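# A structural model of the following input is requested.
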Amino acid sequence: FPVRDLQGRTLFIYRRSIEGKLFNAPEGVEKPVYGLDRVPADCKSLILCESIINALTLRTYGYNAVALLGTGNSLQIQQLKETGIPEFIVCMDGDEAGRRATAKLKRQLSKNALIWTINMIDGQDVNSITREEFEKLY
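Numbering: from 1, shown residues only. Presented below is the predicted three-dimensional model:
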């Protein structure tokens, strides 16, 4: 997956194994928010999730969504704050890392936007549940 900056320039390629959930970014890169260059200028609500595949799935459902390529870093927090988007919906995986990330994102973004959370089913993520199940959680 090409990871781009806000101007749409490719920074690096992010890879994912098709035999498991092994993700790979080049060593030493600081991961920006994936897909932020594709968010419409008039976006009022943005879903934040962990993986590229989750964000792409949510886009096929009609939502504006981006991926943190994990659970979030300081560059990504700053990029999200600078968007001016008034509402973020945090949709991390249903595991301990996802719950910690949700709490961190709420703390760090709540002064800049309204924060909603989707409490993912334990052990699940966007792509391990059906669209109907996601819509109920949403």
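# how close does Ala103 sit to Ala113?
Noted for Ala103: a distance of 16 Å to Ala113, by C-beta to C-beta, to the nearest Å. No exception for glycine: its C-beta is placed from N, CA and C like everyone else's.
# just the buried positions in stretch 112-120, please.
Asn112, Ala113, Ile115, Thr117, Ile118, Met120 (16 or more other C-beta atoms under 10 Å).
# of the residues you listed, which belong to strands?
Cross-referencing the buried residues of stretch 112-120 against strands under DSSP state E gives Ile115, Thr117.
# what are the pairing partners of the one helix or strand in the chain whose mean pLDDT sits lowest, and which direction each?
In the chain, the helix or strand scored least confidently by mean pLDDT, DSSP states H and E is strand 23-24, which has a mean of 81. Paired neighbours of strand 23-24 in the sheet (DSSP bridges): strand 15-16 (antiparallel).
# and the residue in the chain sticking out farthest from the centre, what element?
Centroid-distance maximum for the chain: Glu19 at 22.1 Å, with C-alpha atoms, centre = their mean. Glu19 is part of no helix or strand when elements are defined by DSSP states H and E.
# could you report the neighbour count for Phe23?
Neighbour count for Phe23, taken as other C-beta atoms under 10 Å: 16.
# now Arg59: closest residue in space, sequence neighbours ignored.
Ala65 (5.6 Å; C-beta to C-beta, 6 or more residues apart in numbering).
# I should have written Asp125 there, sorry.
Asp93 (4.4 Å).
# which strands and helices sit next to the helix or strand hosting Ala55?
Here Ala55, judged by DSSP H and E, is contained in helix 52-60. Helix 52-60 sits against strand 46-49, strand 65-67, with contacts defined as 3 or more C-beta pairs under 8 Å, 6 or more residues apart in numbering; DSSP states H and E.
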